[in-house]
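J.: Quick one, fold the following:
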Amino acid sequence: MINCPRHYPFSKIYKSLFCVSLISSSSLSLADGVTSQNAKTPLKKNMEVIEVRGIRTSMAENLDVKRMSGSVVDAITAEDIGKFPDKNVADSLQRVPGVVIERDGGEGASVSIRGLSSELTFTQLNGNFIASSPGEPSRSFDYTLLPSAMIESVEVYKSPEARLDEGGVGGTVLMHSRKPLSMEANSGVFNVESTYADVTKEYEPQFTGLYSWKNDDDTFGVLMGYTYQERTNCTLTGSTDANVWRYTGGGQPADINGNAVDNNNGWDTINDASGKSYDGVWFPQVVRGSVLNEKREREGIQFSTQWRPTNNLELGFNYFGFTLGQDRTESVIDIPEWSLNPDFLTAVTLDQTGTIATGMQYNASVSGVENDMQFPWMRGSYVREESTSDTFDFNLTYEGDTFKARFVIGNTQSEGGPEESWEAAYKSSNAGENQAVIENAAQTAGWSIAQDNVSLNIDSNTFANLQSGLGGGRDAGSSNSSFVRSELEEDYYQADIDFYVDWGFLKTIRTGAKYRHANLHRETGNTFFLDSNFDIAAGEASEQGITQFDSYQWNGGMPLAEEVFINQTNIVGGFNINQMPSIDWDKYRNLVTNNYTPYIRIEDNFVYDIEEKISAFYIQGDFELSDIRGNLGVRVVHTKTLTSSTDLYTYQRDHTNDETGEPVTGDARFVDDYQLVTQKNTDTQILPSFNIAWDATDDLVIRGAIAKVMARPDYSDLGSQQRITFVSNEWADDRAAFNELAGFSGRGGNKNLKPFESVQADLSIEYYYAEGSALGLALFHKKVDNFVVPLVIDMQQEFAGKENIVESGVITVAPYSTVGNGTDAVSKGAEVFIQHAFAGGFGFYANYTYNKTNKADVSVNGEEFGQSPLIGSAKYQYNTSAYYEGEYFTLRASYNKRGETVLGLNSGLNVYQDPYEQVDVNAAINISDSLSLTASVINLTKSETVTRLGNDTDARLLSSSYSGRRYYAGINYSF
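T.: Next up is the predicted model:
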């Protein structure tokens, strides 16, 4: 409950609506300055009291937050978050106009606003960044960390204010955790749930509990929360390798949609066994089916306390700790281009244009003798890892008669990475097994691509042959135990002061400063499994040290295929395959660890570090004049960035001994070189913002906003090491049957990336025609510079040379995977929403966003490489939900769809994700006022995610992925 304050300037708005809005203002207030400008007004006991309960009233409250705001803001509050069985805050946010969520294993993991990439959405908890670091560090917030029960309210800012931290080009999401003095004494919630998915066939538990206490004087309170979850996720994916397609004919294909196409070291032609040639044809480098299984165990702890020693002073402390343990296995069947020659290729299927291969068939004996086909290439990986995230802050708020001051000191840190990491690969043939006669477990293999599906077919006797010891050559060169770990830490210090000036139309002056110091360290390690008789001390003292060639896979210790292979079933989506031989990792690990000793080494020569020092200052004025309100301000941000990485150059010298046919080992096989690269960058941004709202009538609000915003590149894009691989002529000759080309290839980050910059404007009109009901239209325009684009390019660079291997000079690295900056991109569009509450408990809400983006130039280090729309942008998206809320049960059905989405630039063509749509159903049965049964079905439609190369045809399919339909059932008790 809350009492209404003694005055409010919007005289034309009814008192009852204003009281409801103040409830939300109270619940939304962070003591970090995100408060109503009249929050200083004391509460009176004789004022009207309103109690907010139920979905319909909560939706009305959300609308009133939107209505009373001086900026473009949407909100969801505790009742709305907790009433339906949302899995986390992202699931709750999908009801906000213009918001679409991206899921990971059925759970909302990231948030996209107005058709832009989720990476352009800036998310904070209690006004600050939360570090999360599962091996690969990121600036993005992982919504799967936070259950809905821990959150009191969420605000989505689509237009910025100077007082808000910079970082949200798409928008800013502010999550506010529950606080003990905002809750009843001895209140809380307990939720127990079980989940089941069609791709895992497992039932797994989830528990969330929260308890809050405060004293009778409402001056001291303590809140504790705990969440535990077990979850098995399975993702089935059919793909064409890492977005690599090649083009036959030697020359370049015609431009597509205005972009010149790079042929990625294309071939002169393809010939099949009948002598037929295929010229001017696109084909995938590898066609793949993969099954990714993840067993997750997640724990979360919240502890918050508040103390008000006087009416003016409040002290607070918040702690959030999260732990995520993962056991992850991946099983992969590859059909690569290795045997794309007349000795194996029996048929090629083309699309209607005759320019794109949509299927290929191979036979090991088509030449009249059984040749070494080597595929299907059967690979797998196992990773056991743990990541932790710990965040705490101390805050002090003092409110006088004419001002309010708040100070925050905090720290957030995370670390994560594998405790175990394995990769292993086997070939269909007996290659490398020192057998005189070539034998293939699979005599035939092939693939085909339909409009949105990948199908693989392998010899029906493959698995049986592997079990009997036929074929299954151990691929030591593709088997290892390397891993990546990272640590991310940020200290932050913030001071905000609001002055209540009441100078005519100017009511409040807000000013403040914030300093953040972040350090990221990412390192690579290796685990070598050494023979029990291996002299470790002598190996470490040797010139080359202990290397991978001392490990089990190079010394006959890799398990035989017949010892570890199983046939994986339950392929219910993503791709089709008639059988899938896969590694049983329990057997594999036991066979190795029972006979070999692990030796773990962190590689000092393969790390990257990023240090950021960010200073920000702002001043903002909040104004009111009759029916007009808003704010005007400016934020100045100065960033110092130091990046350093040890770039890796690998020279592959000789693969196979020409005389013995044995694999070459040691330095004669390959040599690694490391180069330390360090770079300092500084950047200063001046970010003005202006928001205005006009209550044109009692029911009509018109808004306008204009601002400049910024966002920093992701850590991995900025700091990731450069990895360049050189293939010698000798190596390429040994691998000629597998079409491995001599020359340079590689990948890496881009230390010269600039921060995103955007100048944006909003204009909207909102009509509130009944309590809990409204409709509105918003127009938006964003001009974005320096947006980040993933690229696959041919890159030229100066090269110092490698003695006795490569001469110095200009080299061409092709293909090279990296990121570049795009310039002069425009995102403009419209957003429409309607929310209506019918009599009798029924209601619905719907919103549609249209987003039009242009193609902008993309460059790396000043060199242009093509054009691309804004990465992550979608042409349209919409959400529709219908619900019924009664005394005994509640039901909601939601339909979400996102249009074609741009993902990157490859070979001069954009990568696109097909339109994606999904239906979810949620229900709750009320046993009593405190006890309810909940149930959900996520992805009722069994929707799959599909990506393609270019949007001029459907034939260049890149991937089709299915994560399953998931069911939830649980009990919720609140008190």
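J.: Over to residue 536: give its phi and psi.
T.: Backbone torsions for residue 536, taken as degrees, to the nearest 10, come to phi -60, psi -40.
J.: now swap in residue 664 and tell me
T.: Note on residue 664: backbone dihedrals following degrees, to the nearest 10 are phi -80, psi 140.
J.: Quick check: chain neighbours aside, which residue is closest to it?
T.: Using Cβ to Cβ, 6 or more residues apart in numbering and skipping the chain neighbours, the partner closest in space to residue 664 is residue 654 (4.7 Å). Any C-beta I mention is one placed from the backbone N, CA and C, and that applies to glycine too.
J.: The one you found: neighbour count?
T.: When neighbours are defined as other Cβ atoms under 10 Å, residue 654 has 16 of them.
J.: Over to the one 4 residues further on?
T.: Residue 658 has 10 neighbouring residues, counting by other Cβ under 10 Å.
J.: cool, residue 541 as well?
T.: Look at residue 541: counted by other Cβ under 10 Å, it has 10 neighbours.
J.: Neighbouring strands of the helix or strand containing residue 648 in the sheet, and parallel or not?
T.: Applying DSSP states H and E as the criterion places residue 648 in strand 628-652. Sheet pairing here is set by DSSP bridges, and for strand 628-652 it gives strand 596-625 (antiparallel), strand 670-695 (antiparallel), strand 723-727 (parallel).
J.: got these as CSV, with distance to residue 713 columns?
T.: Output for those, formatted as CSV (distance: least, Cβ to Cβ, whole Å):
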stretch, distance to residue 713
strand 596-625, 10
strand 670-695, 10
strand 723-727, 19
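J.: what's the most buried one of those?
T.: Stretch with highest mean neighbour count among the strands paired with strand 628-652: strand 723-727 (a mean of 19; mean count of other Cβ atoms under 10 Å).
J.: neighbouring contacts of that strand?
T.: Residues outside strand 723-727 that contact it (Cβ atoms under 8 Å, 6 or more residues apart in numbering) are 647-652, 740-748, 802, 805-806, 813.
J.: doesn't residue 180 make contact with residue 308?
T.: No - the criterion here is Cβ atoms under 8 Å, and residue 308 misses it with residue 180 at 11.1 Å.
J.: Of those two, which one has the most company?
T.: Neighbour totals were compared for residue 308 and residue 180, and residue 180 leads with 24 against 17 (other Cβ under 10 Å).
J.: Now do that one against residue 186, distance only.
T.: Separation of residue 180 from residue 186 (Cβ to Cβ, to the nearest Å): 11 Å.
J.: Skipping adjacent residues, who's closest to residue 527 in space?
T.: Closest residue in space to residue 527, ignoring its immediate chain neighbours: residue 481 at 3.9 Å, by Cβ to Cβ, 6+ apart.
J.: can you redo the strands paired with strand 628-652 as CSV with mean pLDDT?
T.: Formatted as CSV, the strands paired with strand 628-652 follow (pLDDT from 0 to 100):
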stretch, mean pLDDT
strand 596-625, 91
strand 670-695, 90
strand 723-727, 85
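J.: Residue 223: how many residues sit nearby?
T.: Residues lying near residue 223 (other Cβ under 10 Å) number 25.
J.: That one reaches residue 189, doesn't it?
T.: No - if you go by Cβ under 8 Å, residue 223 and residue 189 don't touch, sitting 11.4 Å apart.
J.: what sits in contact with each of the two?
T.: Residues touching both residue 223 and residue 189 by Cβ under 8 Å, 6+ apart: residue 210.
J.: intersection of neighbour lists for residue 180 and residue 186?
T.: The contact sets of residue 180 and residue 186 overlap at 212-213 (Cβ under 8 Å, 6+ apart).
J.: Please pull up the helix or strand immediately following the host helix or strand of residue 382.
T.: Following DSSP H and E, one finds residue 382 within strand 377-399. As assigned by DSSP H and E, the chain's next helix or strand after strand 377-399 is strand 403-427.
J.: packing partners for that following strand?
T.: strand 377-399, strand 473-474, strand 482-503, helix 585-593 (3 or more Cβ pairs under 8 Å, 6 or more residues apart in numbering; DSSP states H and E).
J.: buried set for it?
T.: Across strand 403-427, burial judged by 16 or more other Cβ atoms under 10 Å covers 404-408, 410-418, 420-427.
J.: Who are the contact partners of residue 821?
T.: Here residue 821 is in contact with 753-754, 785-789, 858-860 (Cβ under 8 Å, 6+ apart).
J.: Quick check: the two most widely separated of those residues?
T.: Farthest pair in the contacts of residue 821 (Cβ to Cβ) is 785 and 860. Separation: 15.5 Å.
J.: about what we covered before: tabulate the CA atom coordinates of the strand holding residue 382 in PDB.
T.: The C-alpha trace of strand 377-399 is given here as PDB (Å, rounded to 0.1, in the frame of the first residue of the first chain):
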ATOM      1  CA  TRP A 377      34.200 -37.500 -40.300                       C
ATOM      2  CA  MET A 378      33.000 -38.300 -36.800                       C
ATOM      3  CA  ARG A 379      34.000 -35.800 -34.200                       C
ATOM      4  CA  GLY A 380      33.000 -34.900 -30.700                       C
ATOM      5  CA  SER A 381      33.800 -32.700 -27.700                       C
ATOM      6  CA  TYR A 382      33.200 -32.800 -23.900                       C
ATOM      7  CA  VAL A 383      33.500 -29.800 -21.600                       C
ATOM      8  CA  ARG A 384      33.000 -29.700 -17.800                       C
ATOM      9  CA  GLU A 385      33.100 -26.100 -16.600                       C
ATOM     10  CA  GLU A 386      32.100 -23.800 -13.800                       C
ATOM     11  CA  SER A 387      31.600 -20.000 -13.900                       C
ATOM     12  CA  THR A 388      30.800 -17.700 -11.000                       C
ATOM     13  CA  SER A 389      29.500 -14.100 -10.700                       C
ATOM     14  CA  ASP A 390      29.700 -12.000  -7.600                       C
ATOM     15  CA  THR A 391      28.400  -8.500  -7.200                       C
ATOM     16  CA  PHE A 392      28.000  -6.300  -4.200                       C
ATOM     17  CA  ASP A 393      27.300  -2.600  -3.500                       C
ATOM     18  CA  PHE A 394      27.100  -0.300  -0.600                       C
ATOM     19  CA  ASN A 395      24.800   2.700  -1.000                       C
ATOM     20  CA  LEU A 396      23.900   5.800   1.100                       C
ATOM     21  CA  THR A 397      21.000   8.100   0.400                       C
ATOM     22  CA  TYR A 398      20.500  11.400   2.200                       C
ATOM     23  CA  GLU A 399      17.400  13.600   1.500                       C
END
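J.: Please spell out which residues along that strand are buried.
T.: Buried residues in strand 377-399, defined by neighbour count with 16+ other Cβ under 10 Å: 377-385, 387-391, 393, 395, 397, 399.
J.: That strand packs against which elements?
T.: Contacts defined by 3+ Cβ pairs under 8 Å, 6+ apart place strand 377-399 against strand 313-336, strand 403-427, strand 581-583, helix 585-593.
J.: Of all the ones you listed, which one comes closest to residue 436?
T.: Set against residue 436 and scored by Cβ to Cβ, those come closest in strand 403-427, at 17.0 Å.
J.: By average pLDDT, which secondary structure element in this protein comes out worst?
T.: The weakest-scoring helix or strand in the chain, judged by mean pLDDT, DSSP states H and E, is strand 49-50 (a mean of 32).
J.: Please consider this matter closed, and thank you.
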